[in-house]
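Visitor: I'll drop the sequence and a predicted model, then ask my questions.
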Amino acid sequence: MSDSTSKQSMRAWVFSERGDPSQVMSFTTRDKPTLPPKEPLPRDAPKPEEWVLIKTAFVGLNVGAIFQMTLIPQMIRSKTCVPEMDLSGVVEDVWHPEGDARIDSATPPAAAAAPFRFRKGDKVIAMLPASHSLGTGTGALAEYVAIPAKYVAHKPEGVSFGDAAGCLLAGMTAWQQVFESGAKEGDRVLVNAASGGIGTMVVQMVRNIVGESGYVVGICSGRNVEMVKSLGANEVIDYTKHDNLPAYLEDVFGSKPFSTIIDTLGHQSLYLGSPKYLVPGGVYSSAGIKPPSFSVPNFLRAVWQMKLNEWWPVSTWLGGVGRLWRGVSMMEPTLEDRKRIVGMLGSGDVRVVRDSVWKFEDAQAAYAHLGGLHARGKVLVRVNPDIGDDES
């Protein structure tokens with residue numbers, strides 16, 4: 001357990017006002033967190049339980065964090081917040097109300113039994129839900145993070161810290177979309193935004209499910225076609241070559257419609273045209289609705305459209321589109337959800353595609369790149385360079 005009387009500092013990115021990351025984020029020094037956690041305990045972990053202090057290796061950036069900085073008013077979050085949800089790192093300290101935390105990676109497993117899941121020196125992956133990050137101000141873009149252990153999983157052997165940081169939120173969202181789609185062996189599946197952080201995961205998961213008898217079609221820009229094919233797509237459409245993509249899909253796939261469609265970005269036009277290329281009874285699984293910008297009005301319009309898609313009757317006789325729309329988000333994933341993706345990563349069923357790796361000091365520029373919505377896989381920030389990326 002750390003000595004709370006000796007204050008140590010760390011570097012972190014924070015935001016207090018609402019707005020674009022380039023305008024509201026600041027790079028600062030603040031107190032390094034310590035264990036045991038301060039009281040009162042947060043609402044998402046109101047009872048004493050195991051907590052870990054993690055030295056952050058990498059952070060995986062997510063579009064959702066841009067929405068949080070741009071849209072969430074201060075009245076419903078902590079006054080000052082550290083952004084981001086996904087991280088990898090090394091456990092520096094462990095605390096549990098029922099045990100002695102002075103155990104490390106050299107401690108025999110029998111001596112480090114329950115109630116502890118973690119030991120000092122463990123290599124880990126974590127994903128912080130919005131209920132914790134916004135409620136406490138704790139986020140991943142800091143040199144050290146103290147969080148409940150229920151948000152943490154062990155990093156698989158043979159997986160780099162960088163890849164580990166990029167797998168959880170994207171992977172859990174991808175799995176949920178694939179699950180909601182009902183994809184099964186032999187199906188024909190269309191994946192929109194197939195080259196993004198979520199899309200690259202979806203293509204791999206769908207390939208594993210539909211098998212050799214299935215057919216996977218991805219949609220992305222021309223520069224990413226070969227990469228998406230390498231992940232398991234049988235065919236890839238360059239959307240930049242088609243002014244009217246729904247019409248093209250109808251022309252090419254109308255006679256052999258898809259069993260399900262997984263839209264990892266949320267293009268309403270593809271959903272409206274889907275009866276022309278999605279089988280009756282097929283599910284349109286979408287990661288929300290893509291707003292034209294990160295502004296509050298556009299976001300609210302997107303939320304309203306999502307609710308209309310969900311609530312309005314499917315029947316065309318009642319003004320519906322004629323195909324079932326299912327929106328997916330991973331606001332409060334469970335430990336089992338996290339372990340599922342970690343297992344897939346460790347077994348090689350999925351891999352993380354890296355768009356780029358940025359220095360900790362350049363996180364604002366990394367967000368500007370991510371905000372363009374054309375990232376090729378995951379955008380990563382390296383926080384503590386002394387933890388090697390190749391350490392597995």
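Guide: Alright, I've got the coordinates. Numbering: from 1, shown residues only.
Visitor: might one say that residue 350 is in contact with residue 340?
Guide: No - judged on C-beta atoms under 8 Å, residue 350 makes no contact with residue 340 at a distance of 10.7 Å. In this view, the C-beta of every residue, glycine as well, is placed from N, C-alpha and C.
Visitor: what about those two, which has more around it?
Guide: Between residue 350 and residue 340, residue 350 has the larger neighbour count (other C-beta atoms under 10 Å), namely 25 against 16.
Visitor: any idea how far the more buried one is from residue 341?
Guide: Look at residue 350 and residue 341: by C-beta to C-beta, to the nearest Å, they are 8 Å apart.
Visitor: swap in residue 297?
Guide: 34 Å.
Visitor: so between the two, which is more surrounded?
Guide: Taking other C-beta under 10 Å, residue 297 and residue 341 do not tie; residue 341 has more neighbours (26 against 10).
Visitor: skipping its backbone neighbours, what lies nearest that one in space?
Guide: The shortest distance from residue 341 to any non-neighbouring residue, by C-beta to C-beta, 6 or more residues apart in numbering, is to residue 171 (3.7 Å).
Visitor: so who does that neighbour touch?
Guide: By C-beta atoms under 8 Å, 6 or more residues apart in numbering, the residues touching residue 171 are 201, 341, 344-345, 350.
Visitor: show me what the worst-scoring helix or strand of the chain on mean pLDDT is packed against.
Guide: Using mean pLDDT, DSSP states H and E, the weakest-scoring helix or strand in the chain turns out to be helix 296-311, at a mean of 79. On a contact count with 3 or more C-beta pairs under 8 Å, 6 or more residues apart in numbering; DSSP states H and E, helix 296-311 meets helix 63-71, helix 268-272, strand 324-327.
Visitor: got the buried residues for that helix?
Guide: 299, 302, 305-306, 309 (16 or more other C-beta atoms under 10 Å).
Visitor: farthest pair within these?
Guide: Pairwise distances across these peak at 15.6 Å for 299 and 309 (criterion: C-beta to C-beta).
Visitor: pretty sure residue 219 is in a helix, no?
Guide: No - checked against DSSP: H, G, I helix; E, B strand; the rest coil, residue 219 lies outside a helix; its state is strand.
Visitor: ok, it to residue 272 distance?
Guide: Separation of residue 219 from residue 272 (C-beta to C-beta) stands at 16 Å.
Visitor: who's more crowded, those two?
Guide: Neighbour totals were compared for residue 219 and residue 272, and residue 219 leads with 26 against 16 (other C-beta under 10 Å).
Visitor: pull the contacting residues for that one.
Guide: Contact criterion C-beta under 8 Å, 6+ apart gives 190-194, 236-237, 239, 245 as the residues in contact with residue 219.
Visitor: which strand residues bridge it?
Guide: residue 192, residue 237 (DSSP bridges).
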